[in-house]
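In: All I have is the shape, not the residue letters:
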């Protein structure tokens with residue numbers, strides 16, 4: 001039987017993600033912008049790694065900090 005008073009295993013992760021998303025906490029590693037940059041470069045949306053990193057930073061900086069996007 002599941003004890004409802006026991007926090008879900010991902011509760012801490014989700015709470016931390018919400019703090020990073022809102023800007024209340026910095027991402028301790030460049031994981032978010034790095035992942036965006038890799039994706040942009042892989043999709044050929046950026047001509048160089050440097051351009052991809054700049055674009056990724058701009059995308060992250062312009063996000064809607066009001067809340068996490070709804071899951072698809």
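Out: Right, received. Where do you want to start? Bear in mind that the values here come from a model prediction, so they are computed numbers and not experimental data.
In: Contact partners for residue 63?
Out: Contact partners of residue 63, counting by CB atoms under 8 Å, 6 or more residues apart in numbering, are residue 21. C-beta: built from backbone N, CA, C; applies to glycine.
In: try residue 49
Out: 37, 41.
In: What distance do you get for it to residue 32?
Out: Residue 49 sits 16 Å away from residue 32, going by CB to CB, to the nearest Å.
In: Equivalent analysis for residue 45, please.
Out: 17 Å.
In: which of those two has more neighbours?
Out: Neighbours were counted for residue 45 and for residue 32 using other CB atoms under 10 Å; residue 32 has more, 16 against 11.
In: Apart from its neighbours in sequence, what residue is nearest residue 25?
Out: residue 19 (4.0 Å; CB to CB, 6 or more residues apart in numbering).
In: Give me the below-cutoff pLDDT ranges for the chain.
Out: Applying pLDDT under 70 to the chain flags residues 1-2, 29, 69-72.
In: show me where the chain has helices.
Out: 11-22, 31-42, 49-61 (DSSP state H).
In: tell me what the first one is packed against?
Out: Same thing as helix 11-22. Identification of packing neighbours for helix 11-22 by 3 or more CB pairs under 8 Å, 6 or more residues apart in numbering; DSSP states H and E yields no helix or strand.
In: Near residue 43, how many other residues are there?
Out: Taking other CB under 10 Å as the neighbour definition, residue 43 ends up with a count of 9.
In: just to revisit the earlier point, rebuild the helices of the chain as TSV, extending it with distance to residue 67.
Out: Shown next, in TSV, are the helices of the chain (distance: least, CB to CB, whole Å):
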stretch	distance to residue 67
helix 11-22	8
helix 31-42	16
helix 49-61	16
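In: Nearest to residue 5, out of the ones you listed?
Out: helix 11-22 (12.2 Å; CB to CB).
In: so that closest one versus helix 31-42, what angle?
Out: Put simply, helix 11-22 runs at 70 degrees to helix 31-42, going by axes from the mean of the first three to the mean of the last three CA atoms, to 10 degrees.
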